[in-house]
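Q: No letters, just coordinates:
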């Protein structure tokens, strides 16, 4: 009985003292490489959307070569839209946003004259 009273008294005394919270100042340091990688991901993947449209893939590989491939493509085919999509572990260069398969196949025939390995893709299906 004495032990219970003693524990209760200690508990009441300790609760009567004011409580002090931790300091709310917080400093976060972030690596510049992380910021650079995050910016690259935002730049590379802005056009990934869920849709039923067809695209033409002209390249699959590393980041640097995909950038070169897209730049070369845009210089030769000015009226096509192109983008780089990251899909683990490689980068893909996708061209166009064709509403129908027939439209995509017509354009694929023209693009294959310069990029013989190009093929039709239907993202997110």
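A: Cool, got the structure. Note that the structure is predicted; figures quoted are calculated from it, not measured. Numbering: from 1, shown residues only.

Q: Run through the chain and note the low-pLDDT ranges.
A: Residue ranges of the chain with pLDDT under 70: 1, 11-12, 14-23, 45-52, 125.

Q: Now do the strands in it.
A: Assigned strands in the chain, in chain order: 54-61, 82-87, 90-98, 119-121 (criterion: DSSP state E).

Q: and residue 108, how many neighbours?
A: 21 (other CB atoms under 10 Å). Where C-beta positions appear, they are placed from N, C-alpha and C, glycine not excepted.

Q: Equivalent analysis for residue 60, please.
A: 16.

Q: Show me the beta-bridge partners of it.
A: residue 92 (DSSP bridges).

Q: Next one: residue 90 from residue 61, what distance?
A: 6 Å (CB to CB, to the nearest Å).

Q: and if you look at residue 103?
A: Counting by CB to CB - residue 103 and residue 61 are separated by 27 Å.
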